[in-house]
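1. Would you be able to build a 3D model of this:
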Amino acid sequence: MTTIKQLLDAPVGYRTGGFVYQVKHTHKMTEHPVTAKNAWHWTHTVTLTDGKDEIKADIVLEKNRKFCNGNDVKVIVCEIIAESEGGYGKKLLVHEHKLITQTADEYEAEKRGIPQTPAKAIPNKWDIIGRGKVKHGLLCAFMEGQQRFPKIAELKVLAKLADWVMSKEDKYEG
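-> Below is the predicted model:
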C-alpha cells in the first residue's frame, strides 16, 4: 500500500492509484466549466489520511456530491500536483475514485432514521405525500361510517390497510 508519506516524497506530476484513504476533513466544493482540458464539473477539496499522515486532495466529480468526514475513498487514479500557484506544497488531484462508505446525504438520512436500501435510499416525496392522502381517505371513511374517531387498535388496522393500499399486493392480510 502506498502511504501518504511516499506520496509527499514523490515528484509533482507523479501518477499512481490503487489505495484507500479516509476523509479527515472536508473543505470547499468548486464548480468548473467543462473545457477541452477538463471534462468534470466539480472538485471537492478534502484532507485525506492514512492514519499517520495527511494530504490535501481535490477529488474530481461529475456531479455535485459531497463527502463527509470518515468516508473511505478508494483512489483509483491520481496525480501529485502543486498545492499553490507558487508551487509550495503538494496535494493530490484524484481523477478516478470509488466511495466505499456513505455520502453526506446518506449520512443525514441515517441520522434521521430513514432506512437505507440499495434500490431506494431516500423515499420519494410523492410516495410520502401519496401515503398521507391514502391514510387521510381511510380515516375520513371510517369516521363518516362510524360517526366517531377510531380507537388506537382501529388506527393500527387503518395503518395496515394503508400499507396494503400502497403496496402491489392483491391480498389483504390484516
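
2. so which strand or helix has Ile59?
-> Secondary-structure element containing Ile59, defined by DSSP states H and E: strand 54-61.

3. do you know how far Lys160 is from Ile4?
-> 54 Å (Cβ to Cβ, to the nearest Å). Quick note: C-beta positions are derived from backbone N, CA and C, even for glycine.

4. counting contacts, what elements does whichever strand in the chain runs longest pack onto?
-> Longest among the strand segments of the chain by residue count, using DSSP state E, is strand 19-31. Judged by 3 or more Cβ pairs under 8 Å, 6 or more residues apart in numbering; DSSP states H and E, strand 19-31 is in contact with strand 42-49, strand 54-61, strand 72-82.

5. show me where the chain has helices.
-> With DSSP state H, the ranges of helices along the chain come out as 4-9, 104-111, 125-146, 152-166.

6. I'd like to know which of the ones you listed is closest to Thr30.
-> helix 104-111 (16.3 Å; Cβ to Cβ).

7. Of Lys160 and Ile4, which one has the most company?
-> Ile4 (19 against 13; other Cβ atoms under 10 Å).

8. contacting residues around the more buried one?
-> Counting by Cβ atoms under 8 Å, 6 or more residues apart in numbering, Ile4 touches Tyr21, Leu48, Thr49, Asp50, Lys52, Asp53, Glu54, Ile55.

9. The first one: neighbour count?
-> In this case it means Tyr21. Neighbour tally, Tyr21, other Cβ under 10 Å: 28.

10. Now for the chain, the helix or strand with the poorest mean pLDDT.
-> helix 104-111 (a mean of 65; mean pLDDT, DSSP states H and E).

11. Got the domain ranges for this protein?
-> Here the domain parsing of the chain from automatic domain parsing is 4-109, 123-166.

12. for these, which one ends up most surrounded?
-> domain 4-109 (a mean of 15; mean count of other Cβ atoms under 10 Å).

13. Lowest average pLDDT across the domains of the chain?
-> Mean pLDDT per stretch puts domain 4-109 lowest among those, at a mean of 82.

14. No more questions from me, cheers.
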